[in-house]
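Asks: 3D, please:
(chains A, B, C and D)
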There are 2 protein chains.
Amino acid sequence: MSVTLKEVAELAGVSTASVSRAFTDGASVSASMRARVRAAAKELGYLPNALASGLTTGRTKLIGLVADNFHNPIFLEVFDRFTRGLQGRGLRPLIVNLTDETDPATSVTLLRQYSVDGVIVASSTLPPTFARAFRDAGLPVVHTFGRRSADTAVDIIGIDNIACGTLAAETLVQRGYRRIAFLGGPERATSTQDRLTGFLRASDGAAEVSHSFARAYSFEAGHEEMARCLAFGPAEAYFCGDDVLSLGAIAAVRQAGLRVPEDVGVIGLNDMEMAGWSTIDLTTIRQPVGPIIEASIARIIALLQDPLARPEVLTLPCHLVERGTLRR
Amino acid sequence: MSVTLKEVAELAGVSTASVSRAFTDGASVSASMRARVRAAAKELGYLPNALASGLTTGRTKLIGLVADNFHNPIFLEVFDRFTRGLQGRGLRPLIVNLTDETDPATSVTLLRQYSVDGVIVASSTLPPTFARAFRDAGLPVVHTFGRRSADTAVDIIGIDNIACGTLAAETLVQRGYRRIAFLGGPERATSTQDRLTGFLRASDGAAEVSHSFARAYSFEAGHEEMARCLAFGPAEAYFCGDDVLSLGAIAAVRQAGLRVPEDVGVIGLNDMEMAGWSTIDLTTIRQPVGPIIEASIARIIALLQDPLARPEVLTLPCHLVERGTLRR
DNA sequence: ACCGACATTGCAACCGCTTGCAAAGGGGCT
DNA sequence: AGCCCCTTTGCAAGCGGTTGCAATGTCGGT
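Replies: Predicted coordinates for the structure are as follows:
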């Protein structure tokens, strides 16, 4: 079907070994040989077969990209950056879309079958054990947006969710809100738990606090949960676990005939692209997605070089983005 | 590193051929042999190496998924469905993120190197020649969201953009708008051209018509272009080339102190998930993304079976989704 | 002219799996 | 018992590349 190494070798009148070397940099080949081979290859339209080469070298340049949230707009940015960043470095992402609560074993199997060189788990909700399953299978892995944990078994790159919760609470208190609330994402998500922890810690004594959870990181869930809160008498301001959740919550507030931020303040987390759209104008805590992903890619590449490197935790700072859903 | 066929064969006391057969259904193996092999495999934690097997069989179960719009929320749905649909059928998507106007040759090279079995080009903006490049390289390809063209060289699955333009114009006219406008996406995108064609055709004589183009399918571009339109005296209603564009346009209208739909009506196209959010509530033309993608996957699978099948064009119907940005 | 060091090249085995072909085994039938 | 046919199994040759090792060639130095 397609042109092989052998054909190029024949045309160039050299051994297949030489052709192979002409395409690997750093190999021992003379300039003239390389030129000759390249010319023959060009003439035939030869392309090295990445799979065959992966078979012998043990490196496929395939990176598993595991994600569980294809509904959150923030993931558009995440995918865009990951796919570009990886392909810009000669790596190819192999996507795994975790439906529901797929167990780790399945994804591990999947990715091992394709001999990926490494895995990036991009999720703020999965438990640390998930990423560890890859490492246990001998695959380099970094958990992007993961939770820092005591036993640092895998590399984690993300934000300090506890600090974010604290920042949110402090901001609300500082703006003079006295009855504040945390409207989190799924209770089991590690990010939710941490954000709540930080939130409670910082608001303790400084304000009257309550909290509840939406069933998912989605608009509907935010809407639903806020509607419930309103029915029980709303707080003055809410820290929502996520931007999408915030939008759902805001919709519910407005539907109840209340104004944002005059009657109810809302602060989100992520700063997804649309949070800045003038019609949305969401005050939120910005998660530095770009740097996080750059760092993740750099880290996975480092792990490819040295799979035994000690796992590290890298935490990037978040900051407040002032817009129109919180009073000054 | 990982367990191989040979080790399983040794443990089970059979030939490697038998082990291989035990893992291929339809192969000639006795039930007892299969059981014995499976047991040994399980004991060792053996996983067939998909790449090695792809090397010999010529099928990798890898499908290239080429897209050029990682900023439009509709693509979240597109990716979600494609990745799930493919993996549900035992295929693995290999993503190519087209940065800017990457030329087809590069992606072809990339995907050929990984011996993908087929390619799905998911874009409403790329010209038909793009997808054809894959076919010319001998790769089965379907162009999802593509434009039907006279010389049907590749399979196309999508909507009839001309009909959508017509539907939009008819809807506006029927609602009593007399001065209507088309605010399209990038002028070079095939989808833009077709939507405009249909729009003009249907509004001819029935209303006063104008048209212009945004520089991209994005919020900012829509905002910008609508601002420009408003400066020159706005039409009564706009058909925007896309939902995101619509949102940008609406933002500009509101910023100018005008109301939607009272002063200016807006109708979009796509019906992305957030168009239905109560705070957005966009009247739009629904593109049946689910069925389009299901059909695309089914088609690419059919092509894997029979690569020489004659290309087909499948056009799915769109319909109006009534919400709050157009008067009744 | 001779020697050693170094750069190039080819040979051939191997990466992990598949598959055509032939050999072996197992019935059913006469 | 003998024959034929069908099923099951193993052998071995690939699939497209890579790479250790040995062979060859080149060059500087004496």
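
Asks: List the contacts of the closest residue to A:Pro127 other than its chain neighbours.
Replies: Spatial nearest neighbour of A:Pro127, excluding adjacent residues (C-beta to C-beta, 6 or more residues apart in numbering or on different chains): A:Thr190 at 6.2 Å. Every residue, glycine included, has its C-beta placed from N, CA and C. By C-beta atoms under 8 Å, 6 or more residues apart in numbering or on different chains, A:Thr190 lies in contact with A:Ser124, A:Thr125, A:Leu126, A:Pro127, A:Pro128, A:Gly146, A:Arg147, A:Asn161.

Asks: Could you rerun that using 10 Å?
Replies: A:Ser123, A:Ser124, A:Thr125, A:Leu126, A:Pro127, A:Pro128, A:Phe145, A:Gly146, A:Arg147, A:Arg148, A:Ser149, A:Asn161 (C-beta atoms under 10 Å, 6 or more residues apart in numbering or on different chains).

Asks: Out of these, which one has the weakest pLDDT?
Replies: Lowest pLDDT within the contacts of A:Thr190 is found at A:Ser149 (76).

Asks: Could you tell me how many residues sit around it?
Replies: A count of neighbours around A:Ser149, defined by other C-beta atoms under 10 Å in any protein chain shown, yields 16.

Asks: what about it, is that helix, strand or coil?
Replies: Assigned by DSSP: H, G, I helix; E, B strand; the rest coil, the conformation of A:Ser149 is coil.

Asks: Could you check how far it is from A:Gly158?
Replies: 12 Å (C-beta to C-beta, to the nearest Å).

Asks: Common neighbours of those two, please.
Replies: Jointly contacting A:Ser149 and A:Gly158 under the rule C-beta under 10 Å, 6+ apart are A:His143, A:Val313.

Asks: Can you read off the pLDDT for the residue nearest to A:Pro127?
Replies: For A:Thr190, the pLDDT comes out at 87.

Asks: Now it: phi and psi?
Replies: The phi/psi pair for A:Thr190 (degrees, to the nearest 10) reads phi -60, psi -40.

Asks: who are the neighbours in contact with the closest residue in space to A:Phe219 that isn't next to it in sequence?
Replies: Take A:Phe219 and drop its neighbours on the chain: the residue closest to it by C-beta to C-beta, 6+ apart is A:Gly248, 4.1 Å away. By C-beta under 10 Å, 6+ apart, the contact list for A:Gly248 reads A:183, A:214, A:217-227, A:240, A:242, B:277-279.

Asks: Same check on A:Pro307?
Replies: A:Asp117, A:Gly118, A:Arg135, A:Gly138, A:Leu139, A:Pro140.

Asks: make it 7 Å
Replies: Going by C-beta atoms under 7 Å, 6 or more residues apart in numbering or on different chains, A:Pro307 touches A:Pro140.

Asks: Can you point out the helix or strand that includes it?
Replies: A:Pro307 belongs to no helix or strand when assigned by DSSP states H and E.

Asks: A:Ile285 looks like it's in a helix, true?
Replies: No. A:Ile285: not assigned to a helix; according to three-state DSSP it is strand.

Asks: and A:Ala131, that's in a helix?
Replies: Yes. Counting by three-state DSSP, A:Ala131 is located in a helix.

Asks: Give me the pLDDT value at it.
Replies: Value listed for A:Ala131 in the pLDDT field: 92.

Asks: again, but for A:Ala105
Replies: pLDDT, A:Ala105: 83.

Asks: For it, which non-adjacent residue is closest in space?
Replies: Per C-beta to C-beta, 6+ apart, closest to A:Ala105 is A:Ala133, 6.8 Å.

Asks: Now do the same contact list for that neighbour.
Replies: A:Pro104, A:Ala105, A:Val108.

Asks: Need the buried ones from those selected in PyMOL.
Replies: This is how PyMOL selects the buried members of the contacts of A:Ala133, with burial counted by 16 or more other C-beta atoms under 10 Å in any protein chain shown:
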select buried, chain A and resi 104+108
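
Asks: Cool, thanks, signing off.
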